[in-house]
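starting from these lines, generate the structure:
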Amino acid sequence: MTKRYTPGSFTKNFSWNESYDRLHSAIRAGFSSSSDPVTRDRWRSDSRIADQDRELIPMNFFLYSVLGAREDYLLVDQLVDAAMDPYDPQFAQLALFSFHMANSGRWRKSHWPDGKVAGWANELIVTAWTGDDWVADAFSDRQLLAFIQRRLNAEEVTQRKIFTNYRYMLKSAGVLAAGRLLPKDLRQRWLVDAVLLFWDRAIFEGSLKASATLGVLESALIDSDIYKLLRCSKDQCRVFARAAFPEFTGGQALDRARQLQTLRDAGAIAA
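As a prediction, the model looks like this:
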């Protein structure tokens, strides 16, 4: 039986037709330019979005939440770190990767206990993979709209809004132009950042330890189809892993694990 997904708040316009700058600014403001976890309620009040529905877009589709004892928290990962730097086009690529990864964690009253709020987008990318790159036709207006209509459990007007927003996201991230899939460029830094982001969230969800070896970290990437999201081969994905490994083991992995331990020690989340 074909799985069908719920749309969440993705029907709302978040200026995707312009750039990812609004997302960048909201993340930066919501974390108050700091490197500490923040409650979801605090993030909403500090994000400067001032629209309850649109506030959910960064929180539910791009950031990572952890269920707390009294309040739920948003954790700091590579995407949040990137938002602390001045905006540039590679932030858009990293944010789009986060969306496609569809791993947003858990929070109260969530309709997605597996964290896959954008599960339909993850399925699109994984099934569009050919072994070398994405199938260009999967991103044509006709095929993309047809996929959304098959996979999104929503009325036609809602499906059309999701199609429009996602198409703008692809264009603003430099993936589509004039309805065509643009060539990939595997020399960009965001690809290494994406590997770090995946590992960050794997630590958050408990599927990886901060002390994991390079071999374990590489296997996690391949087993989770991350190379497909990066538009590269398995071997190229391992190259990115080796580039990211010194940074990850040089303090980042311990920092991510420390966030969780600090919250546990304070009784803010379950031990």
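
show me where the stretch 51-200 of the chain has its strands.
Remark: strands assigned in the stretch 51-200 of the chain by DSSP state E, counting those that start in this stretch are 65-66, 73-74, 176-177, 180-181.

out of those, flag the one nearest Arg256.
When those are compared by Cβ to Cβ, strand 65-66 sits nearest Arg256, at 11.4 Å. Every residue, glycine included, has its C-beta placed from N, CA and C.

that closest one: how far from the chain's middle?
Chain-centre distance of strand 65-66: 13 Å, with Cα atoms, centre = their mean, to the nearest Å.

do stretch 129-137 as well
20 Å.

mean confidence score for that stretch?
What stretch 129-137 shows for mean pLDDT is 92.

now what about that stretch, what contacts it?
Stretch 129-137 has contacts (Cβ atoms under 8 Å, 6 or more residues apart in numbering) with Ile125, Ala128, Gln143, Arg180, Leu181, Lys184, Asp225, Lys228, Arg231, Ser233.

and with 10 Å instead?
Outside stretch 129-137, the residues that touch it by Cβ atoms under 10 Å, 6 or more residues apart in numbering are 124-128, 138, 143-144, 175-176, 180-184, 225, 227-229, 231-234.

just the terminal-to-terminal distance for that stretch.
11 Å (Cα to Cα, to the nearest Å).

flag every buried residue along it.
Trp129, Trp134 (16 or more other Cβ atoms under 10 Å).

stretch 237-252 now?
Neighbour counts over stretch 237-252 (16+ other Cβ under 10 Å) mark Cys237, Arg238, Phe240, Ala241, Ala244, Phe245, Phe248, Thr249, Gln252 as buried.

OK, contacts around the second one?
Arg238 makes contact with Val195, Leu214, Gly215, Leu217, Glu218, Ser219, Leu221, Ile222, Tyr227, Cys232 under the criterion Cβ under 10 Å, 6+ apart.

which of those residues count as buried?
Neighbour-count burial (16+ other Cβ under 10 Å) is assigned, among those, to Val195, Leu217, Glu218, Leu221, Tyr227, Cys232.

mind putting the residues you listed in TSV, pLDDT included?
Shown next, in TSV, are the buried ones among the contacts of Arg238 (pLDDT from 0 to 100):
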residue	pLDDT
Val195	98
Leu217	98
Glu218	98
Leu221	98
Tyr227	98
Cys232	96
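
and these, which is closest to Asp265?
Set against Asp265, the nearest of these by Cβ to Cβ is Leu217 (26.3 Å).

am I right that Leu260 is in contact with Arg201?
No - Leu260 is beyond contact range of Arg201, at 11.7 Å (criterion: Cβ atoms under 10 Å).

shared neighbours of those two, which are they?
Leu75.

neighbour-wise, which of the two wins?
Neighbour count, other Cβ atoms under 10 Å: between Leu260 and Arg201, Arg201 has more, with 23 against 19.

confirm that the more buried one sits in a helix.
Yes - assessed by DSSP: H, G, I helix; E, B strand; the rest coil, Arg201 belongs to a helix.

make 30 the starting number, not 1.
Okay, residue one is now 30; in that scheme the one you just asked about reads as Arg230.

residue contacts, it?
By Cβ under 10 Å, 6+ apart, the contact set of Arg230 is 93, 104, 106-108, 127, 130, 132-134, 144, 236-237, 285.

can I get the buried ones among these as something I can paste into ChimeraX?
To isolate in ChimeraX the members of the contacts of Arg230 that are buried, counting by 16+ other Cβ under 10 Å, one can use:
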select :93,104,106,107,108,127,130,132,133,134,144,237,285
